[in-house]
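In: I would like to see how this sequence folds:
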Amino acid sequence: MTVFRSGARVRRVARVTSSGEAWPSELVVPDLPLAIDDGSVRARFGGSLIATSIRVVLDAPSVTGPRSIEAEESARDEAKRQEALIRGRIGSIDAELELLGSISLDRRPLPKPGEAPNASPTISRLALLDALAPELARRRAERARALEELKEVEERRRTAEARIREASSGVAPKPEELRKAVIIGVRTAGQETSAELQLEYLVPGARWMPAYSFHFDAAMERAHLGVRAVVAQQSGEDWSGVGLRLSTAESQAWMELPELSSLRIGRRQARVDKRGWRALPPGVDELFRGYDEFASGTPRRSKTDARELPLGRSTQVDELEDFEDVATPAPELDATDSWAMANSTPSESHLAEEDGDWGDDDESAPPAEMAKKRAGGPAKEMASMDVPFGAMAPPAMAPPAPMLSAPMPKQAARMSLGRVITERRRAEGGGGGPGAPSMMLLDEPERSPVPSHLDYDALRLPAATDGRRGGLIAVERLELYAELLVSAKIELTYELFAAVETARRQAIEPSRASPPRFVPPRDFDGFDYAYLTEGPADVPSDGTFHAIAVMAREAECGVRYVTVPRETQDVFRFATLKNPLEAPLLPGPADVYVGGTYLMTSSIDPTPPRGGVELGLGVEQSIKVARNTSFLEETAGLMRGSLSLKHEIKIELVNLLTRPAEIEVRERIPVTREGDEDAKVELVKAEPAIDGYEQGAAPIKGGKRWRVLLSPGQRRMLSAVYAVKISGKNELVGGNRRES
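Out: Okay, here's the model as predicted:
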């Protein structure tokens, strides 16, 4: 995972294996976050496999269901087999029972006239009953057990069939169940049966900010620097046990590559933009003459202006339909599908089969002119979607066409999406037939700045029955998203773009707030850096910031003390060390520990690699400081006509630490205004010697400082005398005494 200032690049690695002798032409990678940036998906195979194309489509549990119901299909088939065996066994038992029931002794013969009746074969009958009774009882018990087994097997079969129907009958998934899938075209040049697949994509909204921890030993001689970060993401997938690369760069930036243009002598010519297409050659329709003669019974679809479509009709998408035999009977429509065709003229029924992207573009016009036509004119009044589902009223109805008797190729596979791609005019007050689903589509999210005719993955070759045949056309994003759903006949009763936009907004939610004291990363001196985590990290997809460890380094450190007795008697402690990283330390909070005890939370300023770091550690109570001043006013000059205002400053330092202390004492003496000749300030003496001090953050004038080293328990006095010389007839504003 590479987390940028905003957004993250995810890399997935998997090993794919071919189950047969040849690789399939396409591989499907399911269960990807719904918020991924479609244009950022990259795929790479190892070995002889080559990724030839990538398509991003919508995915749902129902779509991938056929791969997960193999066990149910096996259970159903096994239940059917057992059911047949049990029924056969029951039939055999019934036949045996019928046979045993038919066994009986011959009837007692009738006596001759005048003779006594023959003796009854009672003993034989009893013996026969004794022999048949246990056999009948055993077979009846076997039949009862077989019926119980049959009941259980039938229940298992019905359960398996219900699960299969539920998974494959087009049950609409819930919005939170929608995912994305990547369909990768595969071509191989070798005989390998397995290969490594690397899939990369961008997710928006992921953020990180740096933080640090400094652990100083009790002697303040060694420091342990821990680089940490807080990371937040809500992409829709948890990052568990992954390595992170934290970058200060942007995830995407527009860069124009330099181009060395040729120098030409002559009149300046207008610049000709490069084109990513080639105009269609004349006579394209001649290529379809044989097809038209073969399918002469199928009227060719005519190009129809979207503005001429009747209100309240749904459209069907069949950009990818295959040609079927014209003799194939049209499939029957169910009650849900038939509403789009009800109460419509033959022309409207024909248009209901039309593709989801109509236009008045001439098929021989170059794509640039097509784009110009779509960008201006009445089509510009439509909503931001490129599909012709605008809210403008049609100026005129198209003339009715003859009744069509041709079939609707792959009608069943297109009906599901046809119920989704419904004109928004219906929701804005347009009419509709009874029973029509109330459904509308939100405006399509902002599309890529790349023109549609240059988005080669979105180009499709229309069917031979299409009026735009012979050239590539741009398929709308809705169709690309729903391609996998349509092939699985999955119904959607909510807006596709609404679900995708909701996922995108949830993903960028973490980028709108920052925790206190944390600073978003930025480049350093025009350079971007990346920080690699030294161990795996876990970042749940919950939109909250999680602290992770990045790296740890050791460094030598020192400590110095700064005091400004003019302002306060406190002595402040500062830890100094060199940045042990090969990358800069970015601004952020730093937790400080001394001797294993938490001391405070400070802040880090931007520090270059191997640069110096200075941390404020608060007030040192074991160093005492006291400042005293005295004032003496004297006359000076040859004629005693000037005043010398002498100020003496005495500062006493006491080191109560058990180790030496380097102390910087900062002072300030007055300064005159530039060009002022009536007053002069001069430093008379200082013990020990005092240096000038220039403050960087808030520049001041007249800054001075002492740097002294005090041994444990040492007491030392610092003194300085300065004089302000003015004319004897003048007086300083606010009083001649400048120290209190």
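In: counting neighbours, what do you get for the nearest residue to Thr658 once chain neighbours are set aside?
Out: Nearest in space to Thr658, with sequence neighbours left out and distances taken as Cβ to Cβ, 6 or more residues apart in numbering, is Pro712 at 5.4 Å. From N, CA and C alone the C-beta is placed, and that goes for glycine too. By other Cβ atoms under 10 Å, the residues close to Pro712 number 12.
In: SS state for Pro712?
Out: Pro712 falls in the coil class when you classify it by DSSP: H, G, I helix; E, B strand; the rest coil.
In: verify the stated contact: it with Pro660.
Out: Yes. Pro712 is within contact range of Pro660, at 6.6 Å (criterion: Cβ atoms under 8 Å).
In: ok, Ala507 - contacts?
Out: Counting by Cβ atoms under 8 Å, 6 or more residues apart in numbering, Ala507 touches 33, 35, 203-206, 233-236.
In: try it again with 6 Å
Out: Contacts for Ala507 (Cβ atoms under 6 Å, 6 or more residues apart in numbering) come out as 35, 204-205, 234-235.
In: which of the residues you listed lies closest to Ser262?
Out: Within the contacts of Ala507, the smallest distance to Ser262 is 41.0 Å, found for Pro204 (Cβ to Cβ).
In: my read: that closest one touches Gly7, true?
Out: Yes. Judged on Cβ atoms under 6 Å, Pro204 makes contact with Gly7 at a distance of 5.1 Å.
In: Val16 bridge partners, please.
Out: Counting by DSSP bridges, Val16 forms beta bridges with Ala195.
In: tally of neighbours for it?
Out: Each residue near Val16 was counted by other Cβ under 10 Å, and the total is 17.
In: check Asn628 too.
Out: 13.
In: quick check: bridge partners of it?
Out: Bridge pairing for Asn628 - DSSP bridges - gives Lys650.
In: do you know how far it is from Arg469?
Out: To Arg469, Asn628 is 100 Å away according to Cβ to Cβ, to the nearest Å.
In: please apply the same query to Arg228.
Out: Taken as Cβ to Cβ, the span from Arg228 to Arg469 is 61 Å.
In: with Arg15 instead?
Out: Distance from Arg15 to Arg469, counting by Cβ to Cβ: 42 Å.
In: these two - which one has more neighbours?
Out: Neighbours were counted for Arg15 and for Arg469 using other Cβ under 10 Å; Arg469 has more, 19 against 9.
In: now that one. Its backbone dihedrals?
Out: Here is the backbone geometry of Arg469 (degrees, to the nearest 10): phi -60, psi 160.
In: which residues touch it?
Out: Applying Cβ under 6 Å, 6+ apart, one finds that Arg469 lies in contact with Pro462.
In: what's the answer for the one 3 residues further on, then?
Out: Counting by Cβ under 6 Å, 6+ apart, Leu472 touches Leu459.
In: which strand or helix spans the residue nearest to Asp94 when sequence neighbours are not counted?
Out: Leaving aside its sequence neighbours, Asp94 sits nearest to Arg143 (Cβ to Cβ, 6+ apart; 7.2 Å). Following DSSP states H and E, one finds Arg143 within helix 122-168.
In: for Glu237, see how far away the residue most central in space within the chain is.
Out: Per Cα atoms, centre = their mean, the C-alpha nearest to the average position across the chain is that of Val203, at 2.6 Å. Using Cβ to Cβ, we find Val203 at a distance of 8 Å from Glu237.
In: mutual contacts of those two, please.
Out: Residues touching both Val203 and Glu237 (Cβ under 6 Å, 6+ apart) are Pro33.
In: can you pull the phi/psi pair for Gly526?
Out: Main-chain dihedrals, Gly526, degrees, to the nearest 10: phi 80, psi 0.
In: make 27 the starting number, not 1.
Out: Got it, the first residue is 27 from now on, which makes the last one we talked about Gly552.
In: look up how far Trp234 lies from it.
Out: Taking Cβ to Cβ as the measure, Gly552 falls 20 Å from Trp234.
In: more neighbours, the two?
Out: Set Gly552 next to Trp234 and count neighbours by other Cβ under 10 Å: Trp234 wins out with 28 against 5.
In: list the buried residues for stretch 65-85?
Out: 66-67, 69, 71, 75, 77, 80-85 (16 or more other Cβ atoms under 10 Å).
In: between those, which sits nearest Tyr719?
Out: Scanning the buried residues of stretch 65-85 for proximity to Tyr719, where the rule is Cβ to Cβ, the winner is Ser66, at 53.3 Å.
In: and that closest one, how close does it get to Asp264?
Out: Distance from Ser66 to Asp264, by Cβ to Cβ: 20 Å.
In: again, but for Glu582
Out: Note on Glu582: its distance to Asp264, by Cβ to Cβ, is 40 Å.
In: same deal with Asp483?
Out: Separation of Asp483 from Asp264 (Cβ to Cβ) stands at 29 Å.
In: try Arg134
Out: Separation of Arg134 from Asp264 (Cβ to Cβ): 89 Å.
In: was I right to think Ile210 contacts Ala69?
Out: Yes. Using Cβ under 6 Å, Ile210 is in contact with Ala69, at 5.0 Å.
In: name the residues contacting each of those two.
Out: With Cβ under 6 Å, 6+ apart, Ile210 and Ala69 have common neighbours 77, 80.
In: partners of Tyr748 in the sheet?
Out: With DSSP bridges as the rule, Tyr748 is bridged to His673, Leu709.
In: got the buried residues for the strand of greatest length in the chain?
Out: Ranked by residue count, the top strand of the chain under DSSP state E comes out as strand 572-589. Within strand 572-589, the residues scored as buried using 16+ other Cβ under 10 Å are 574, 576-577, 583, 585-589.
In: what of stretch 700-713?
Out: By neighbour count on 16+ other Cβ under 10 Å, the buried set for stretch 700-713 is 705, 707, 712.
In: now swap in stretch 724-739 and tell me
Out: 729-732, 734, 736.
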